[in-house]
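Below is the structure, and that's it, no one-letter string:
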């Protein structure tokens, strides 16, 4: 029989054996849990790395697409060839494509804020899209313009040119006319090619600047000499620069204010180009015929000019107004006003200059009875400032005459008055001081005078 002490020893031995097994199993379980935890952490790390790599690749793709689609001219930090503002628009004018590009640029800009060029690339796309809320981006554009960005200055001008006729009741414009024109000049002075082309058009046709053929020619020369816009400039850049020499020669012959030496040099240039069959040959032929008609840079020969115009009728609608003018005036041959009128009637829907010229023949009463109402309709349909000034005079001469577009006439005359065009301010003031309710506005008229 075992003594109690032996039982106690045996019990302790049994317990120690059982307890020792449990204590030995515990480290193994912990190791298993640690391994599972580490495996989960490794998997999470691999997923995060994969996600980060995907995000990085997506961002890199967005940056690349934005740079290639909207790189800013004259930007020293650009990573791709410059895209002129007008080239941002798809050829089919499907603006949804532009929106996709803008979204890419926004993602690139937000994902890589240290790449400052991306902000301006995105902003120029927003101006092009012209969505609601664009006005809230103007402070950013103005800040960049104040910092000397030629593109930002051009965007201010572009915003004004698009929105200048917005509802006047909306308050003062977000960009004033003065600010816009100052911005355009700054951009052009920096050699921004699109800004120079816009300035050329303003000096050539208005309406924001007074038309000035000599300044237009000077601007065309600046376009030729403009700095390289960025790495590997595209086709538009080369095409614009290449067109300027002939444009200069043509303007020198077609517009007043140039010396005989300038006209002689221009005549020699257009004579060669007119016979060369180039893309500009049609316009050069018009300048050549004008020179013959008026004796600019060559011996005057109105008869030859008229013969050349006759030969172009049927294949060149732009020849019609000049030939009709010569027919009506009897230049280079007998006068034939009725034929001139018939030609112009047929061309009013084809050539912008035909309508105002026909209006003149319908009001002078030389070949047909006076038709002031028809003349006013023709002048009202034209955007030409000189046509607007003539229309204002006819409205006053024929009390109670109504036109379809009184607001457009006021706009044309107001633009001309602000630009300093001769006769525009007086024509507008006379309308506004009249009793014609379409135009009456004594306060504005007296302020203008």
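Structure received. Since the model is a prediction, treat every value here as computed from it, not as a measurement.

so what pLDDT did the residue nearest the centre of the chain get?
Computing the C-alpha centroid of the chain and ranking residues by CA atoms, centre = their mean puts residue 86 first, at 5.6 Å. Among the per-residue scores, residue 86 shows a pLDDT of 96.

Kindly report the same for the one 10 residues further on.
Residue 96 is assigned a predicted lDDT (pLDDT) of 94.

helices or strands next to the helix or strand harbouring it in the packing?
Taking DSSP states H and E as the definition, residue 96 sits inside helix 95-111. Helices and strands touching helix 95-111, by 3 or more CB pairs under 8 Å, 6 or more residues apart in numbering; DSSP states H and E, are helix 4-70, helix 117-129. (C-beta placed from N, C-alpha, C; glycine too.)

quick one: which of those has the weakest pLDDT on average?
For the helices and strands packed on helix 95-111, the weakest mean pLDDT is recorded on helix 4-70, namely a mean of 69.

Where does pLDDT dip in the stretch 51-200 of the chain?
51-52, 167-171 (pLDDT under 70).

how about a cut-off of 90?
51-56, 59, 91, 93, 131-133, 164-173 (pLDDT under 90).

rewinding a little: which residues touch the residue nearest to the centre of the chain?
194, 236 (CB atoms under 8 Å, 6 or more residues apart in numbering).

Quickly note the distance from it to residue 386.
The gap separating residue 86 from residue 386 is 28 Å, by CB to CB, to the nearest Å.

got it, and residue 253?
According to CB to CB, residue 253 stands 20 Å off from residue 386.

Which one's more surrounded, these two?
Neighbour comparison, residue 253 and residue 386: the larger count goes to residue 253, with 26 against 17 (by other CB atoms under 10 Å).

Tell me which helix or strand comes right after the helix or strand hosting the more buried one.
Using DSSP H and E, residue 253 maps to helix 235-254. Remark: after helix 235-254, the chain's next helix or strand is helix 260-276, criterion DSSP H and E.

Could you pull out the buried residues of stretch 212-231?
For stretch 212-231, burial by neighbour count (16 or more other CB atoms under 10 Å) applies to 212, 213, 215, 216, 217, 219, 220, 222, 223, 226, 229, 230.

what's the answer for stretch 155-162, then?
Quick answer for stretch 155-162 (16+ other CB under 10 Å): 155, 156, 157, 158, 159, 160, 161.

so is residue 81 in a helix, a strand, or just coil?
When classified by DSSP: H, G, I helix; E, B strand; the rest coil, residue 81 comes out as coil.

855 is where my numbering starts, stick with that
Got it, first residue is 855 now, which makes that one residue 935.

how about it, phi and psi?
phi -60, psi 150 (degrees, to the nearest 10).

how close does it sit to residue 929?
In this structure, residue 935 and residue 929 are 11 Å apart, going by CB to CB.

Please consider this matter closed, and thank you.
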